[in-house]
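S.K.: Would you be able to build a 3D model of this:
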Amino acid sequence: MSVFIDRERPDSTDAVRLIVELEDHLEPLYPAISRHGFSVERLLAENVEFFVLRVDGRPAGCGGILLVAGEYGEVKRMWVRPAYRGRGFGRLLLDRLADRARADGINLLRLETGIHQRDAIMLYERYGFRRIPPFGPYFDDPLSRCYELHLAEPRPEAAGDAGGDSDR
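M.R.: Numbers count the residues shown, from 1 in each chain. A predicted model of the protein is given here:
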């Protein structure tokens with residue numbers, strides 16, 4: 001099995017398909033006001049660095065990072081297709097996003113996810129993310145959770161992960 005994570009434009013065919021799948025998954029779970037995910041157009045406009053994970057050449061997941069004024073990197077549009085979960089691919093995506101933040105001298109990652117994203121929440125907490133109050137554009141929403149991870153701190157090791165999807 002070959003696994004590659006490549007930087008891609010969020011408007012590439014595979015990236016768009018993954019983002020649409022994520023949106024289709026989230027739409028019935030949350031009202032529009034509680035879905036904070038960037039559209040493809042906004043990912044481009046905000047210069048979000050976007051990555052697609054492929055397994056044996058097939059797109060299996062994606063994730064992006066928005067670098068916020070040298071202060072923190074925000075995980076955006078994280079998604080691992082359900083058929084690929086539980087194999088550590090979510091963790092690999094987070095590793096790539098963390099490496100990208102570190103390359104810019106940023107040692108703090110943040111994200112927002114929904115309360116119904118149990119697999120994603122397990123992944124983030126196993127990875128070492130801790131809950132925080134809403135940050136940046138987010139507000140106190142009972143359907144939302146915010147997390148952060150200080151990259152300089154050692155992360156707990158996990159035997160795998162559940163994959164996951166993060167922001168709405």
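S.K.: mind checking pLDDT for the residue nearest the centre of the chain?
M.R.: Of all residues in the chain, the one closest to the mean position by Cα atoms, centre = their mean is Met78, 2.8 Å from it. Note for Met78: predicted pLDDT of 97.
S.K.: And for Ala69?
M.R.: We have a pLDDT of 87 for Ala69.
S.K.: re the thing from before, packing partners for the helix or strand where the residue nearest to the centre of the chain lies?
M.R.: Assigned by DSSP states H and E, Met78 falls within strand 72-80. Applying 3 or more Cβ pairs under 8 Å, 6 or more residues apart in numbering; DSSP states H and E, we find strand 72-80 packed against helix 13-26, strand 58-68, helix 89-103, strand 108-114. C-beta: built from backbone N, CA, C; applies to glycine.
S.K.: Distance to Pro137 added to the ones you listed, as CSV?
M.R.: Converted to CSV, these look like this (distance: least, Cβ to Cβ, whole Å):
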stretch, distance to Pro137
helix 13-26, 17
strand 58-68, 10
helix 89-103, 19
strand 108-114, 9
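S.K.: Throw these into JSON lines and include mean neighbour count and distance to Tyr124, thanks.
M.R.: Shown next, in JSON lines, are those (neighbours: other Cβ atoms under 10 Å; distance: least, Cβ to Cβ, whole Å):
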{"stretch": "helix 13-26", "mean neighbour count": "16", "distance to Tyr124": "16"}
{"stretch": "strand 58-68", "mean neighbour count": "23", "distance to Tyr124": "12"}
{"stretch": "helix 89-103", "mean neighbour count": "20", "distance to Tyr124": "8"}
{"stretch": "strand 108-114", "mean neighbour count": "23", "distance to Tyr124": "7"}
